[in-house]
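> here is my input; please provide its structure:
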Amino acid sequence: MLTTRLARLTKTILPILLGTAIYAFGLLYFIIPNKLMEGGVTGITILLKYAFSISPSLSTLVLNIPLFLLGWKVLGSRQIVYSGIGIGSLTFFLWLFEQLIRKGWIIPFQTEHDYILIALYAGVTLGAGLGLVFRFGGTTGGSDIIARICNRKYGWSMGQVILALDVIIIGASLLYIKKEQILYTLVAVFIASKVIDFIQEGAYSAKAFTIISDYAPDIADLITKEMERGVTLIPAVGAYSKQAKHMAYCVVGRQEIRRLTQIAKSVDPRAFIIINDVHDVHGEGFKEDVN
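Residues are numbered from 1 along each chain as shown. I've put the predicted structure just below:
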């Protein structure tokens, strides 16, 4: 039993470690040498590098520790543990690549002309790294923790909170980098978002789950308890068995796909799960209705 749990944990943690390694490499190999930017708390670490030459690995750790502790207090250990793994591994890989670059073992890709090429490579690299981290339930801390707390406390959309933080931080970078670099940054961010969506196996920000199981009420209760997402139970009758049962219907963000699937399978390994793309969502935890 312990061996099985350890194997499952390893299959989750290793992709998160790989994802943070790719993300850290993209930041130090493409973004920083070419004076581009990133959003979120990572963007703040890049600004500190440009303004005061502070090591990104150091600022990443210092900025994320209070956010992690706040998230632990507000969100609970279960929801924040993979964020801790993401923060720790990102800090380590940033430090590792900094050392390799300092010793000359890695030569950053730098250009003064072909920024489109840099934006393309940076977007693909960052998107691939974050896509792996998100797909396996992790985060790199920072804006994600802030967005989750705002969602829990005030019901604000996580996507809107992250977007607002990105706009503020990238806007502030105008004090240190040229407008042209900001525009190329937007290209890189756009490409990264598409790569993240591709790796996440979905082009939309939300997914609708229909779960058919004899234990649908138990699954719904666990989703409500552990994910704090609303679930609707729909009465149904099996066409073959003629037996009455329930279907559980729930809409979640793309970062929660794996978690919800795990919850359903933990209650009923034979549960029949249908996942649909959702083009637009209004309501608690997503967009507010506009009258």
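
> straight-line length of stretch 223-238, end to end?
With C-alpha to C-alpha, to the nearest Å applied, stretch 223-238 spans 23 Å between its terminal residues.

> ok, stretch 99-117 next?
With C-alpha to C-alpha as the measure, the first residue of stretch 99-117 is 26 Å from its last.

> roughly how far is that stretch from the heart of the chain?
26 Å (C-alpha atoms, centre = their mean, to the nearest Å).

> that one - what's its average pLDDT?
If you average the pLDDT over stretch 99-117, you get 90.

> tell me which residues of that stretch are tucked away?
Buried positions in stretch 99-117, judged by neighbour count with 16 or more other C-beta atoms under 10 Å: Ile101, Ile106, Tyr115. (C-beta placed from N, C-alpha, C; glycine too.)

> which elements pack onto the helix or strand harbouring Val81?
Using DSSP states H and E, Val81 sits in helix 77-102. Here helix 77-102 is seen to pack against helix 2-26, helix 56-75, helix 143-154 when contacts are counted using 3 or more C-beta pairs under 8 Å, 6 or more residues apart in numbering; DSSP states H and E.

> do that again at 7 Å, thanks
Counting contacts by 3 or more C-beta pairs under 7 Å, 6 or more residues apart in numbering; DSSP states H and E, helix 77-102 is packed against helix 2-26, helix 56-75.

> gap between Arg258 and Leu222?
Summarising the geometry, the distance separating Arg258 from Leu222, computed by C-beta to C-beta, to the nearest Å, is 15 Å.

> one more: Thr10?
When distances are taken as C-beta to C-beta, Thr10 and Leu222 turn out to be 24 Å apart.

> which stretches of the stretch 151-291 of the chain have low pLDDT?
157-159, 200-205, 279-291 (pLDDT under 70).

> any idea how far Gly238 is from His246?
Relative to His246, Gly238 is positioned 11 Å away (C-beta to C-beta).

> which one's more surrounded, those two?
For Gly238 and His246, the more surrounded residue by other C-beta atoms under 10 Å is His246, and the numbers stand at 19 against 11.

> just checking, Thr224 touches Val231?
Yes: the pair Thr224 and Val231 passes the contact test of C-beta atoms under 7 Å, sitting 5.8 Å apart.

> more crowded one of these two?
A side-by-side neighbour count of Thr224 and Val231, using other C-beta under 10 Å, places Val231 first with 21 against 13.

> from memory that one sits against Ala220, does it?
Yes: in terms of C-beta under 7 Å, Val231 counts as a neighbour of Ala220; the distance is 4.0 Å.
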